[in-house]
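*Asks:* fold the following.
(one chain, ligands or ions: 1)
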Amino acid sequence: MSRPLIADIDLGALRHNYRLACDQAPHSRAIAVLKAGAYGHGAVECANALADVAPAFAVASIEEAVALRDAGIEQPIMLLEGFFDAEELPLIDAHRLWIAVHSDWQLDALLAFQPRTPIPTWLKLDSGMHRLGFAPEAFVSRWQRLKAAPDQATDLHLMTHFATADALDPGYFRRQMACVEALRERLEAPVCLANSPATLAWPQTHGEWTRPGVMLYGSDPLEGANDASRALKPVMTLRSEVIAVRELETGEAVGYGGRWRAPRPSRIGVVACGYGDGYDRHAGDGTPVLVEGRRVPLAGKVSMDMLTVDLTEVPEAHIGSQVVLWGEGLSIDEVARHCDTISYTLMTGVLPRVPRRYRVADTV
Ligand SMILES: *Cc1c(COP(=O)(O)O)cnc(C)c1O
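*Replies:* Next up is the predicted model:
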């Protein structure tokens, strides 16, 4: 028997969530965001699982895109931040990638390049995220430069990213949307605006394309969940087992620094999963863990290879008991809140030493 920790990846759940993203925006096409190894789920496996339904994929780097091409993925692949160096342009051309253009140096490099076929280009508007993109007053002239270069750039879209689409207070979101609407009308531009929270909560963002990411993996990105977000299914279930059990007297401490002390005679279970696997070391005492399907509290600091839970209320737990760290039966969003983080960091943080086991999608 080898170490029991495993990340089960349910590709049927991925397809369910993708379909849900499409149902939310029935007049848009959904580009499935597969960056960062499909948020830790395995980009090639996820792309294959969606290959017959998703018209395009998105990643953050040419390396990620070429890996998908090498695996036989034929859909258009969007580079969400475009290229980082003009030397990528021949590869972009050869692999038929789509690009975002967010800066003047990229625009100049693209217009100086002679592609075999014009490159589908999404011009990025900074509508208020203040990270990438052209300010509204600069956007129009850049759009016109691209329009005037049909040998270099084709299929122009306006792209922007929302800073607060997940939040209950819609004020900032509405200002970003008003900025988009003004330019969209003036330029008659097709648009791609919506990340997961906007896909779920803001129909006015749907446009020609949506760009759902985290919702595809079953995390609910909304501060105030809605019916659609509640219907998401977890794709990754991080499973392990109890590998040791010990009885403690009142007052005895567990783990590094003795952070947790037994408030009563207690039974402690040791689980094979630690921060060396990507489990967040910031997880506080009380972070929920499922043992034999029952919720038990984390007790003591997370170590590199192990963590400890209080099994006092689950007398049937034993060495070999099944453990779920997050996934089926235990929402990754809830675990993330206990770690003072978001599901995105937990998913993308599952380290390579954790074997991924894929459950194939039903053909529904
Ligand atoms: C990552 C990313 C997305 C997907 O965001 P989610 O919140 O995971 O849905 C969409 N657009 C861009 C530009 C991104 O970088």
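*Asks:* residues contacting residue 39?
*Replies:* With contacts taken as CB atoms under 8 Å, 6 or more residues apart in numbering, residue 39 has the following neighbours: 213, 214, 216, 217, 344, 347, 348. Placement of C-beta: from N, CA and C, glycine included.
*Asks:* again, 6 Å this time
*Replies:* Taking CB atoms under 6 Å, 6 or more residues apart in numbering as the criterion, residue 39 is in contact with 217, 347, 348.
*Asks:* identify, from those, the entry nearest to the ligand.
*Replies:* Sorting the contacts of residue 39 by how near they are to the ligand, with CB to the nearest ligand atom, puts residue 217 at the top with 8.4 Å.
*Asks:* can you show me the helices along this protein?
*Replies:* Along the chain, the segments classed as helices by DSSP state H run 11-24, 35-40, 43-50, 62-70, 89-94, 104-111, 136-147, 171-187, 196-201, 227-230, 332-338, 343-348.
*Asks:* can you count the residues close to whatever residue of the stretch 251-364 of the chain ends up closest to the ligand?
*Replies:* With CB to the nearest ligand atom as the measure, residue 344 is the residue of the stretch 251-364 of the chain nearest to the ligand, at 6.6 Å. When counting by other CB atoms under 10 Å, one arrives at 18 neighbours for residue 344.
*Asks:* circling back to that earlier point, deepest of the helices of the chain, which one?
*Replies:* Burial of these is given as mean neighbour count (mean count of other CB atoms under 10 Å); helix 196-201 ranks first at a mean of 26.
*Asks:* and stretch 321-335, how far from the chain's centre?
*Replies:* Taking the mean C-alpha point of stretch 321-335 and that of its whole chain, the gap between them comes to 17 Å (CA atoms, centre = their mean, to the nearest Å).
*Asks:* tell me the mean pLDDT for it?
*Replies:* The average pLDDT for stretch 321-335 rounds to 98.
*Asks:* ok, stretch 6-15 next?
*Replies:* The average pLDDT for stretch 6-15 rounds to 98.
*Asks:* leaving aside the residues adjacent along the chain, what's closest to the residue nearest the centre of the chain?
*Replies:* Among the residues of the chain, residue 214 comes closest to the average C-alpha position under CA atoms, centre = their mean, at 3.5 Å. Residue nearest to residue 214 in three dimensions, not counting chain neighbours: residue 196, with 5.0 Å by CB to CB, 6 or more residues apart in numbering.
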